[in-house]
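> Sequence and computational prediction follow.
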Amino acid sequence: MRRIIYELTWMSILFAIMMASCTSPVTSTPQSTTIPEPTATSEPPTATEVPVPSEIPATEAAMSLELTSDAFMNGQSIPAKYSCTGKNISPALTWNEPPAGTQSFALIMDDPDAPGGTWVHWVLFNIPASTRNLPEDLPVTGKNVDPNALYAGKNSWGNTGYGGPCPPSGTHRYYFKLYALDTTISLLPGATKEQVLREMDGHILAQAELMGTFSK
């Protein structure tokens, strides 16, 4: 009986030792973390890591072209000296810098209030790109043959050159319209407004307008 108790005691001790070894903490070596290299499908670096292009500036083609005259203000009355009741000479005109790429200017003056429809008073084209003003009483004969020269077109009277305001009655509006073009026009002097407009189609870089009124 004593032997049995002795063997049971040793078995209890061995069992306790085995349990202690199973529950003792195990210190594991931490695994290292590896950051994967970016692949071709990765998002691009942040804005602070790559140069960012500055905002695209407004193109020069968007510049406003302004047309003025020292003879009258926009929307005001045109002095009689520039009409058929006076000297019937053209007023002086001035404009600012055109967009880059301007090769020539064209100018059209017409009256949308004429009884029979718009009446054309003045047509100029192939005005050199370096020009920034037209003097008063512009001496244009309409016989230019130089492709770089200023050409005069035909007005509604059938004349080549300027014809001033000459309304049959009432107050009419007269529009001076200046066009900056990226080309020169392949027409001869004496071309009509319609012909010039067709040639200008798709070549207008900027446009300016000056309006004056006149009452006979």
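Done, it's in. Numbers count the residues shown, from 1 in each chain.
> hey, let's count contacts and neighbours off CA atoms from now on
Noted.
> hey, where'd the helices end up in the chain?
Along the chain, the segments classed as helices by DSSP state H run 2-23, 193-200.
> Those helices: lowest mean pLDDT?
Sorting those by mean pLDDT places helix 2-23 lowest, at a mean of 52.
> Next, work out how far apart Ile185 and Phe105 are.
To Phe105, Ile185 is 9 Å away according to C-alpha to C-alpha, to the nearest Å.
> Please say which of these two ends up with more neighbours.
Phe105 (29 against 24; other C-alpha atoms under 10 Å).
> Report the contact partners of the more buried one.
Phe125, Asn126, Ile127, Pro128, Ala129, Leu178, Tyr179, Ala180, Leu181 (C-alpha atoms under 8 Å, 6 or more residues apart in numbering).
> just to revisit the earlier point, okay, and the common contacts of Ile185 and Phe105?
Looking at what touches both Ile185 and Phe105 (by C-alpha under 8 Å, 6+ apart), the common residues are Phe125, Asn126.
> ok, of the contacts of Phe105, which come out buried?
Neighbour-count burial (16 or more other C-alpha atoms under 10 Å) is assigned, among the contacts of Phe105, to Phe125, Asn126, Ile127, Pro128, Ala129, Leu178, Tyr179, Ala180, Leu181.
> There's contact between the third one and Asn133 in this structure, I believe.
It refers to Ile127. No - contact criterion C-alpha atoms under 8 Å: Ile127 and Asn133 do not qualify, at 10.0 Å.
> Let me see the contact set for the residue nearest to Leu65 when sequence neighbours are not counted.
Once flanking residues are discounted, Leu65 sits nearest to Ala208: 5.1 Å by C-alpha to C-alpha, 6 or more residues apart in numbering. Taking C-alpha under 8 Å, 6+ apart as the contact definition, Ala208 lies against Ser64, Leu65, Glu66, Leu67, Lys177, Leu178, Tyr179.
> from these, which two are the most distant?
Farthest apart among the contacts of Ala208 by C-alpha to C-alpha are Ser64 and Lys177. That separation is 13.2 Å.
> For those two, indicate the residue with more neighbours.
Taking other C-alpha under 10 Å, Ser64 and Lys177 do not tie; Lys177 has more neighbours (17 against 14).
> State the distance from the nearest residue to that one once chain neighbours are set aside to Lys87.
Computed as C-alpha to C-alpha, 6+ apart, the closest residue to Lys177 that is not its neighbour in sequence is Glu209, at 4.5 Å. To Lys87, Glu209 is 24 Å away according to C-alpha to C-alpha.
> Next up, phi/psi of the residue nearest to Phe72 when sequence neighbours are not counted, please.
Using C-alpha to C-alpha, 6+ apart and skipping the chain neighbours, the partner closest in space to Phe72 is Ile78 (5.8 Å). With angles defined as degrees, to the nearest 10, Ile78 sits at phi -80, psi 130.
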